[in-house]
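Trainee: sequence and predicted structure, then a few things I'm wondering about:
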Amino acid sequence: MNQRIRYPKNMTITLVVLCGLCLFCIGLVSMMAGTPPLSPERLWRVLANTDTHVAHVLVWQSRLPRFVLGALAGGLLATAGVLLQDVMRNALAGPEMLGVSSGAAAVMAAIIIFQLPIPYIWQPWLALFGGVLGGGMVVGASWGSRSPVRVILIGVAVSSLFNAVITTIISLGQQDTISLFYDYFVGGLENRTWTQVLLVLPWITALLLSYLFVKRLNVMQLGDDVAAGLGLKVAALRLVVFICAIALVAPVVATCGPIGYISLLAPHLTRRLLQTQDASRVLPVSALLGAILLTGADLLARTLFSPIEIPVGVWTTLLGGPLLLIFLGRRLRGDHP
């Protein structure tokens, strides 16, 4: 008796509500925690615009936009992870595993180190180009392979190639631009304002578009041959969904740096909680879990070793790296997570 329990659809609604409440609580704590700390009563006065100017600026211009950006970035990364894993039928697929994040980061490295006069609003589009280039190299090199581990190994090789490009660019830079790029490259939400939030916000369109693919993604899980037999244009669908996933990652890499493993963790946690592969149910819960994971990690980054702040990208790597090793180990043994 090795049957999985199939939870009813109202379980999805319950998880969405619980995740929403959890995210709300993280938001409240994020606005109260820090230096100086704010009591719940004072936070209420700040939100009601009846407190001092200093506290008002602290919350509205620093802590609140940082939390909102973290929630948006986490949701976009998690959704990208669901799309990549479903369309490639690879439980280990993710932007950091497929050369997408490193390709986008290489473009941003050139912009930052060489101080290219690129308007801020165009930087996500250039990051999108770099992500498509990196991901396209992995997909092209692994075309026809049915081994998930082989795809990931090719992805690691492509990521190493782009990291070498980044290192070369850094070696050509000046000390001030190198320090600026280092702050970007470790991945973080510190010093982000409403400017970055407004830059990422329009890209939610790609998240909404991803819900148009849910039925096709469910069919894709049956295998390419079955999907083609049911009338799907598998190659075209895979390309469109792949580009959509990269469009979700690009604005995050452009504004927050290459924050890793949220796109791997959130979909896996969601599928284990729901005990289903149904994309229509996995996508919304994954987006909320991704927002929770990133904002929660950022809260730890700000407060755990205060006044020293460890970038949130370090925390997500410390959490996601061991999990990736577990997944790879199970794959190599022939088990399935």
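Mentor: Received it, and whenever you're ready, just let me know what you need. Numbers count the residues shown, from 1 in each chain.

Trainee: which element is G34 on?
Mentor: Of the helices and strands defined by DSSP states H and E, none includes G34.

Trainee: gap between it and L43?
Mentor: Plainly put, G34 is 11 Å away from L43 if you go by C-beta to C-beta, to the nearest Å. In this view, the C-beta of every residue, glycine as well, is placed from N, C-alpha and C.

Trainee: pLDDT value on R6, please?
Mentor: Looking at R6, its pLDDT reads 51.

Trainee: start the count at 3, not 1, going forward
Mentor: Fine by me, first position is 3 from now on; the one you just mentioned is R8.

Trainee: so where's the stretch 103-252 of the chain shaky on pLDDT?
Mentor: Applying pLDDT under 70 to the stretch 103-252 of the chain flags the ranges 146-151.

Trainee: give the buried residues for the host helix or strand of M110.
Mentor: Per DSSP H and E, M110 falls inside helix 102-115. Neighbour-count burial for helix 102-115, counted by 16 or more other C-beta atoms under 10 Å, picks out 102-115.

Trainee: now flag whichever of the residues you listed is closest to V221.
Mentor: V102 (24.1 Å; C-beta to C-beta).

Trainee: what residues are up against the closest one?
Mentor: G133, G136, G137, A247, I248, V251 (C-beta atoms under 8 Å, 6 or more residues apart in numbering).

Trainee: tell me which two in those residues are the farthest apart.
Mentor: G136 and A247 (12.5 Å).

Trainee: between those two, point out the one with more neighbours.
Mentor: A247 (32 against 27; other C-beta atoms under 10 Å).

Trainee: the more buried one: what's it in contact with?
Mentor: T81, A82, L85, L86, V89, P97, V102, S212.

Trainee: again, but for L191
Mentor: Shown in contact with L191 (C-beta under 8 Å, 6+ apart): R68, L71, G72, A75, C258, D300, V314.

Trainee: what do you get if the cut-off is 7 Å, keeping everything else the same?
Mentor: R68, L71, G72, C258, D300, V314 (C-beta atoms under 7 Å, 6 or more residues apart in numbering).

Trainee: quickly find the element holding R218.
Mentor: helix 216-222.

Trainee: number of nearby residues for the residue nearest to S41 when sequence neighbours are not counted?
Mentor: Nearest residue to S41, sequence neighbours excluded (C-beta to C-beta, 6 or more residues apart in numbering): M34, at 7.2 Å. For M34, the count of nearby residues is 16 (other C-beta under 10 Å).

Trainee: and M34, what is it in contact with?
Mentor: So M34 contacts L40, P42, L45 (C-beta under 7 Å, 6+ apart).

Trainee: and it, how far is that from T169?
Mentor: M34 is 40 Å from T169, by C-beta to C-beta.

Trainee: repeat for Y213
Mentor: For Y213 relative to T169 (C-beta to C-beta), the value is 39 Å.

Trainee: okay, those two: which has more neighbours?
Mentor: Y213 (13 against 10).

Trainee: list the contacts of that one.
Mentor: So Y213 contacts L285 (C-beta under 7 Å, 6+ apart).

Trainee: could you look up the SS state of it?
Mentor: Assigned by DSSP: H, G, I helix; E, B strand; the rest coil, the conformation of Y213 is helix.

Trainee: and if you look at R194?
Mentor: R194, by the three-state scheme (three-state DSSP), is coil.

Trainee: report the central residue of the chain.
Mentor: Centroid check for the chain by C-alpha atoms, centre = their mean gives L79 as the closest residue, at 2.2 Å.

Trainee: ok, now how distant is it from A35?
Mentor: 23 Å.

Trainee: which stretches of the stretch 203-339 of the chain form helices?
Mentor: 206-212, 216-222, 226-231, 236-258, 264-276, 281-305, 314-335 (DSSP state H, counting those that start in this stretch).

Trainee: circling back: among the contacts of A247, which are in strands?
Mentor: Of these, none are assigned to strands by DSSP state E.
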